[in-house]
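Enquirer: Kindly generate the corresponding structure for this input.
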Amino acid sequence: MGIGVVLLLGLLPDLSFAAAFKAQYYTVCPTCDLHPVRGCSLKDNTAPFNLTARRQFAKKHDNLVFGYMQDMAAFSAAVLSVQQLKLGIQGAVGEIGVHHGLFFFALAAAARPCEPLIVIDVFADQQKNIDSSGKGNYNTFRGHAQRFGLTTKIVQQGRNLVGGSAGGPPGTIVTFASASTEVTPSALCAASGHSGVRLFSIDGGHTPEVVYHDLTLLNCVLLDGGLLFMDDYTHSYWAGVQDGVGRFFHLHPNHRLVPVAVVANKLIITTESHHRVYREALITEFRRIGARHVGIHEMKQRLFGWPIVVWDHAPSPDQKTLTERWATLLTTAEHDKARRAKGNTTTRKLATPPQSSWSWLG
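Expert: Alright, predicted model coming up:
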């Protein structure tokens, strides 16, 4: 009897947490009618964020954009982006919590010109940044975007739609100048051009509540085989990130997301269907550049029951080798060869099929 009471009391915080989210946030995942992505070719230097700019970013990003990013994280995104294109997966690329754009541009450099680009950040409205995790500046971000041949278009400010739901021509960054908790799945679906999300970073609020929210938001529009990069997962100062991620995996009843790797302070998440192919791709590429770690080749590390690849800080691969391989992944025909292998087909299945009466928390 005593043990039962203790166990029940231990569950109370989780139950109240779930109840709070059911009351505060949307409980229905709306339908996102998916449209295919077309014209997705990277040709010479004609596209936004062209080949020259991509290679320059890989080699000199520290001098181009201020921010906090380990190259292994950006390298991993490029590796996995190639795998997605080999599988015919194309969709929106973006980030919550963009700051000045360093990791966002690393993701954008791995995107095809036709793929929608999306960012969500409170920017100047810092009163919504309740834990002071980052301090984005819209003008600085826009200036960096222009350097790479990209433009920005604000479609939402706070909770108010201001510029239409979708972006413009290729290279347009659909921008939500809002807290992520003010962005709905329907708005995110529209911003993606109804393509769904294939590659997205989560680096917004670091409280358990906001982390949980951001995962549920993206879970709604993530394609089967899509990838999420959760920032600061191993950072001791931001314990709320691990807390929120753990609550999501244990409390959310309707998701198909699984961890695949912990690399350079980021937790990489995908869908069950693509866990193995992405894990193997990371192992192959890490060995190729000389990044050795027990978690890579013994495969004994597990998280939430799933085997994961682990790399964090040491031993580091040779920087020149890493940079050259990263630049190669971004700029050679490797991406387009992958695309042509599947033609223009795309994976049009969401990670969690929307239901008109689907509730995140039961």
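
Enquirer: Mind naming the longest strand for this structure?
Expert: When every strand of the chain is counted residue by residue (DSSP state E), the longest turns out to be strand 222-231.

Enquirer: Now find how far off-centre that strand is within its chain.
Expert: 5 Å (CA atoms, centre = their mean, to the nearest Å).

Enquirer: now do stretch 272-283
Expert: That offset, for stretch 272-283, works out to 16 Å (CA atoms, centre = their mean).

Enquirer: Identify the residues contacting it?
Expert: Residues outside stretch 272-283 that contact it (CB atoms under 8 Å, 6 or more residues apart in numbering) are 76, 79-80, 82-83, 87, 224-225, 227, 256-258, 260-261, 263, 268, 270, 296-297, 306-309. Any C-beta I mention is one placed from the backbone N, CA and C, and that applies to glycine too.

Enquirer: Among these, which lie within strands?
Expert: 224-225, 227, 257-258, 260-261, 263, 268, 270, 306-307, 309.

Enquirer: returning to what we had before: packing partners of the following helix or strand past the longest strand of the chain?
Expert: Note on strand 222-231: by DSSP states H and E, the next helix or strand toward the C-terminus is helix 239-251. If contacts are counted by 3 or more CB pairs under 8 Å, 6 or more residues apart in numbering; DSSP states H and E, helix 239-251 sits against helix 2-24, helix 208-221, strand 222-231.

Enquirer: who's in contact with helix 239-251?
Expert: Residues contacting helix 239-251 (CB under 8 Å, 6+ apart): 14, 17-18, 131, 206-212, 215-216, 230-233, 235, 255, 257, 259, 267, 304, 361.

Enquirer: Just the buried subset of these, please.
Expert: 17-18, 206-212, 215-216, 230-233, 255, 257, 259, 267, 361 (16 or more other CB atoms under 10 Å).

Enquirer: hang on, residue 89 packs against residue 223?
Expert: Yes - if you go by CB atoms under 8 Å, residue 89 and residue 223 touch, sitting 6.0 Å apart.

Enquirer: Name the helix or strand for the residue positioned nearest the centre of the chain, please.
Expert: Centroid-nearest residue in the chain, with CA atoms, centre = their mean: residue 200, separated by 2.0 Å. Following DSSP H and E, one finds residue 200 within strand 197-202.

Enquirer: Lovely, talk soon.
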